[in-house]
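Asker: A predicted structure for the sequence below; I have some questions about it.
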Amino acid sequence: MNPAPSSKAAKVLSQAQSLRWELGAQFHEKLVESIYADAARLADRAVTRPDGPPRFDLDRSIDRLVTSRLWGVPLMILLFALVFWITIVGANVPSRLLGSLLIDQVYPWLRDTALQAGVPWWLRGLFIDGIYLATAWVVSVMLPPMAIFFPLFTFLEDFGYLPRVAFNLDNVFRKAGAHGKQALTMMMGFGCNAAGITATRIIDSPRERLIAMITNNFALCNGRWPTQILIASLFIGALAPSYLAGLVSAMAVVGVALLGVGLSLAASWALSRSVLRGEVSAFSLELPPYRPPRLGQIIYTSLIDRTMYVLWRALVFAAPAGAVIWLVSNITINGFSLAEYIVTFLDPLGLFIGLNGVILLAYIIAIPANEIVVPTVLMLTVLTARVAGVGSGAGIMFELDNEADTMAVFRAGGWTLLTGVNLMLFSLIHNPCSTTLYTIYKESGSLKWTAIAALLPLALGFVVCFFVAQVWRLFVPA
Amino acid sequence: MSTAPLTPAHGCETCPSFRPAGLKPLGVDATNWDYVVALAGNPNTGKSTVFNQLTGLRQHTGNWPGKTVVRAEGGFQFGGRKFKLVDLPGTYSLLATSPDEEVARNFLLFGQPDVTLAVVDATRLERNLNLVLQILEITPRVVVCLNLVDQARRLGLQVDERRLARDLGVPVVPAAARYRQGIDLLLQTVHDVATGKTQCRGYRSEIQNQEVNRAIDPLVAAIQEAFPGLPNARWLALRLLDGDDRVIEAVRLGEFSEPSPTQASAALASAS
Amino acid sequence: MLHCALQTEPMAAAVSPAAALALGLLAVALAAACAWPRKGLVARWQAGRRGARRVRAEDALKHLCKARFDGLTPTLESLAGAMAVSLNRAAETLDELQRGGFATLAPEGPRLTPDGERYALSIIRAHRLWEQHLAEHTGVAESEWHRRAERQEHFITPQQADSLAAGLGHPTHDPHGDPIPDPERGYVSGAGQPLTRLQPGHWVRISHIEDEPEQVYAQIRAMGLYPGTLVRVIENDAQKVRVWCGGEEQVLAPVVAANITAVSVPEAAETEPPGTMVLSQVPLDRSARVVRLSPRCRGAERRRLMDLGILPGTVIGSEMESPAGQLRAYRVRHALVALRTEQAALIQVAPLESAAGTPRSGEPSLHEPVPA
């Protein structure tokens, strides 16, 4: 570059700078105004609008209905209850089918084949009992509900209904310092927290988006529902007369889910007033026109973009977890497995806060996927409590068809009603799974917020379990 | 002069396997391109849908503003030429200072794409033209894709795209990208502008405010003296008066020279 | 060695639950006492760091510099007052400045040397840039800007100030309307005169509000007066200053009004239509024309509203209310945009006469809401 233009450039810059002092701060706005006025003029020339108000405005009529004071909220509850009902009922059968295929048929076949092929026991154990079983478990528990939930949700999204839900619920979230759209990311979180985190992209205000990401974990995801249902029916349902047991345990699970919603709001409130106080906030919520949904597109995006994507990430994280589970149960020192040492080490802390060492170890191993918590807990309990005749060996996760058998294992592990209650609470309030954490890191691009999202619920979980345990012991004599 | 009907939709135009004549989607394989096409537009105008239709990729789209967060790139082949398509973040304007707008602005200014494809929502033309007018300040080589005309028709709006094209001085192509309508003509138009077969005039918005005009005129003269032949001197003057640091820096370093083929790729690298 | 794993609750038996509960509550209380925003121990410790020597010296320089531009003569007493330290400490600091070559002790009082003035200006620049940064790029409440900038100004190097300015688009004024000293131009004093000296009947635009003392500043803010606000002076005498602002009358004590600087804008009388209100007050199914966005609306929030096309002259129709309240959907340039009540309160509008909101001739026809 020759020097001549740069001296001219310097002249341009200094001229611009003095003009800026003369123009003052109003310049930017005058400019925007001027461009918009021109855009309005051109648009007006090109667009012919119908004379007078249309006889029937469909969008407006739908809007009036779905946001009406009388019908808006009941309609919304009904619609979402329907979505969850279809998901739970519809997922049951394929989940069982997948489970029996992958765990009851493919798994023994794999073992036998490997046995006949003369694969060494440790290799068999690591890959088939550890890695294969863990991933099979994750697939059979996770895939069916997601494959049903996400297309239904995407249908509502494509149609344009979801922004109206945010519109209806915004005030609740406003009071918590959050955005109305957080209602939707939370709803996604009931399907899968990682998908919920990705969905926070729809919140374009930076502070509210961070809040939605950090608190999404309090939405009970479908990997945790089975734990809740099992423990509730074993421990809480058993308290009620048998004809009420089903209802009582269902109420307990719903209670935990609602507690999650409450905690999510409370955490949002606390965050927006403490660490996130200085973050930029700029609320806006557009209500786009309704569009006829396209079924092909919906199925494609919900299955490929959401279900498969989340499933893939979960598998990537679950496979090593399976290996770790098998290893800690099969590496032995002085006749005791590594798992037993760790459980013994964790037991004092676990029991102090009303859980036990097995549960804590299961949660450490199961950071990658909450789906494998119950099978891991069962396996570890059998291993450490030396229950005879149950399960399939060290490091092999299992579930029992019979509730009474499961209860017997728990009893042998020294479980009480308090353990059950605290496990339900801890399952709701602990660090997000590694898939979710990874997604938070990808979306926020910040280690700091990822760390907060991991540690905040974990610390809260310990605090809650601690207080419940102490109060329990104070009022319920052992 | 009513809404001109789209190319008559025969049955197979809407089925997924249909491809307009001559379009060869290249997906992410966008090597050795002949032309760079920037895809700009407001959030929730169907920009991602247009992108997917052209490249055969499947970005997630949804009835929300602002689904695309990461900038995507793809390629397609049409009329024997290879095009690289760069999906810019959806923005409402190029004036303010959000990171998204900065990425979009920097690419248009320093990447100097051969064609800028502006996707606008026919049902909210006013707000969308606000962005188009700002793009036209930077470059006249623009093709406007008047998307969602099916929506507009449903709402009883008639958009006269010929008048709009005359007013803006650039081609305007009506489309309903969700149903693959108008993509054919869009490709042809982009091709024609890229190869220079169609010349764009590029309307420049009048600035109404006299105070602003008094400040701009001498500054534009000074810029033209310093950088002769610059197509967007007025826009630069406006950015300088707004204290835009990236533009100040560019003027200081004399970055406004003749466009070179490597510039677009360098800007691509620096923008990501 | 592992048999203890099979025992139940060894530790729970060792610690009484009541004691554990008490300890737990104590731990929670302690954590809260440490981390509580502003009143917590961590926050207090941070505030305590202000007492450092360099910080005192810089505060003194700032005071001497401001006094010079305001045409006042600084004294040791005024210095001690501005720094909030004892006279001894102030004298000590002044002595240090003199030894460093930043100030001289003239018979009429302490004065800055050219070096001292340059130093002081760089501190003032850092302070005002930081305030602008807080206003534009963060969500920090307005009442905290000054306090935070007072702390931050001592930790910003001139290089950091330059890059801060670049990121902010080289601002000329801070959010209080104070000019930001420019490294090339030096101190540029602001235009305008104190509100107490302006004649009744005039339309004026507030150009600057002094942010010290804090109580007076808070009082001015509570009245809805911000730099950029248009006000009409109704009455101005030794007892009180009455002004018309944002559809309300405000009465200010002369001491308060003296902290407000304003410039006369005669043309404003025409742009202020009668019956101006804020958008949140417009009833459902009625339309209004935007007069202006309140100067209180800044940064990302203001840009967002402008991006959505909410600008002077835009016709906005109020369409639906959220069943939970505090949120309404408005028709803005054919798009349906939901705004919270506190946002809509930042948009000053003139309601349109007829319910149908027929636009006046010659103007772009915007939305025509359906009558209820």
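Answerer: Perfect, I can see it now. Residues are numbered from 1 along each chain as shown, chains lettered A, B, ... in the order given.
Asker: and C:A262, what element?
Answerer: strand C:260-264 (DSSP states H and E).
Asker: if we look at that strand, which residues are touching it?
Answerer: Applying Cβ atoms under 8 Å, 6 or more residues apart in numbering or on different chains, the contact partners of strand C:260-264 are C:177, C:190-195, C:198, C:202-210, C:220, C:225, C:231, C:252. Glycine gets a C-beta too; all of them are placed from N, C-alpha and C.
Asker: try 10 Å this time
Answerer: With contact meaning Cβ atoms under 10 Å, 6 or more residues apart in numbering or on different chains, strand C:260-264 is reached by A:24, C:177-178, C:190-199, C:202-210, C:216, C:220, C:223, C:225, C:227, C:229-231, C:233, C:241, C:243, C:252.
Asker: Which of the residues you listed fall within helices?
Answerer: Residues of the contacts of strand C:260-264 located in helices (DSSP state H): C:216, C:220.
Asker: longest helix in chain A, by residue count?
Answerer: helix A:242-273.
Asker: Beyond it, next helix or strand please.
Answerer: strand A:285-286.
Asker: What's opposite C:R292 in the beta bridge?
Answerer: Residues in a beta bridge with C:R292, per DSSP bridges, are C:Q348.
Asker: Touching, it and C:L279? I think so.
Answerer: No - between C:R292 and C:L279 there is no contact under Cβ atoms under 10 Å: 11.4 Å.
Asker: shared neighbours of these two, anything?
Answerer: Joint contacts of C:R292 and C:L279 (Cβ under 10 Å, 6+ apart) are C:346-349.
Asker: could these be laid out in TSV, adding distance to C:G275?
Answerer: Putting the shared contacts of C:R292 and C:L279 into TSV (distance: Cβ to Cβ, whole Å) gives the following:
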residue	distance to C:G275
C:L346	18
C:I347	15
C:Q348	11
C:V349	10
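Asker: So which of those residues wins on neighbours?
Answerer: Neighbour tally across the shared contacts of C:R292 and C:L279 (other Cβ atoms under 10 Å in any protein chain shown): the maximum, 27 neighbours, falls on C:V349.
Asker: and that residue, what is it in contact with?
Answerer: C:273, C:275-282, C:287-292, C:310, C:312, C:314-316, C:318.
Asker: so how far is the first residue of stretch A:23-32 from its last?
Answerer: 15 Å (Cα to Cα, to the nearest Å).
Asker: Where does the stretch 251-372 of chain C get nearest to chain B, residue-wise?
Answerer: C:D307 (3.6 Å; Cβ to the nearest Cβ).
Asker: Look up the closest residue to that residue, ignoring the ones flanking it.
Answerer: Distance criterion Cβ to Cβ, 6 or more residues apart in numbering or on different chains; nearest residue to C:D307, sequence neighbours excluded, is B:Y92 at 3.6 Å.
Asker: quick one: secondary structure of that neighbour?
Answerer: Classification of B:Y92 by DSSP: H, G, I helix; E, B strand; the rest coil places it in coil.
Asker: And the host helix or strand of C:G116, what does it pack against?
Answerer: Assigned by DSSP H and E, C:G116 belongs to helix C:114-137. Contacts defined by 3 or more Cβ pairs under 10 Å, 6 or more residues apart in numbering or on different chains; DSSP states H and E place helix C:114-137 against helix C:53-69, helix C:87-100, strand C:103-106, strand C:109-112, helix C:142-152, helix C:158-167, helix C:299-307.
Asker: Determine the number of other residues adjacent to the closest residue to C:P254 other than its chain neighbours.
Answerer: The shortest distance from C:P254 to any non-neighbouring residue, by Cβ to Cβ, 6+ apart, is to C:T196 (5.4 Å). If you count neighbours by other Cβ under 10 Å, C:T196 ends up with 18.
Asker: Can you tell me which of the shared contacts of C:R292 and C:L279 lies closest to chain A?
Answerer: For the shared contacts of C:R292 and C:L279, the nearest to chain A is C:L346 (11.4 Å; Cβ to the nearest Cβ).
Asker: residue contacts, that closest one?
Answerer: C:278-280, C:292-298, C:301-302, C:305, C:310, C:339.
Asker: Okay, it and C:V291: tell me how far apart.
Answerer: For C:L346, the distance to C:V291 equals 12 Å [Cβ to Cβ, to the nearest Å].
Asker: still on that earlier bit, going by neighbour count, which of the contacts of C:L346 are buried?
Answerer: Using 16 or more other Cβ atoms under 10 Å in any protein chain shown as the burial test, the contacts of C:L346 include C:278-280, C:292-298, C:301-302, C:305, C:310, C:339 as buried.
Asker: right, so the helices and strands packed on helix C:114-137: which one is the most enclosed?
Answerer: Mean neighbour count (mean count of other Cβ atoms under 10 Å in any protein chain shown) peaks for helix C:299-307 among these, with a mean of 21.
Asker: rewinding a little: can I get the strand holding C:A262 in PDB, CA atoms only?
Answerer: Taking C-alpha atoms only, strand C:260-264 is exported to PDB below (Å, rounded to 0.1, in the frame of the first residue of the first chain):
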ATOM      1  CA  ILE C 260     -29.600  18.800  35.500                       C
ATOM      2  CA  THR C 261     -28.200  20.300  32.400                       C
ATOM      3  CA  ALA C 262     -30.400  20.900  29.400                       C
ATOM      4  CA  VAL C 263     -30.300  22.400  25.900                       C
ATOM      5  CA  SER C 264     -33.200  24.300  24.400                       C
END
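Asker: Give me the mean pLDDT for it.
Answerer: Averaging pLDDT along strand C:260-264 yields 83.
Asker: Report the strands that pair with that strand, each with its relative direction.
Answerer: Looking at strand C:260-264 with DSSP bridges, its partner strands are strand C:193-194 (antiparallel), strand C:203-209 (antiparallel).
Asker: can I get those strands in a markdown table with mean neighbour count and mean pLDDT?
Answerer: Shown next, in a markdown table, are the strands paired with strand C:260-264 (neighbours: other Cβ atoms under 10 Å in any protein chain shown; pLDDT from 0 to 100):
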| stretch | mean neighbour count | mean pLDDT |
| --- | --- | --- |
| strand C:193-194 | 15 | 82 |
| strand C:203-209 | 22 | 83 |
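Asker: Any chance of the ones you listed in TSV with distance to C:A43 as columns?
Answerer: Output for the strands paired with strand C:260-264, formatted as TSV (distance: least, Cβ to Cβ, whole Å):
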stretch	distance to C:A43
strand C:193-194	36
strand C:203-209	27
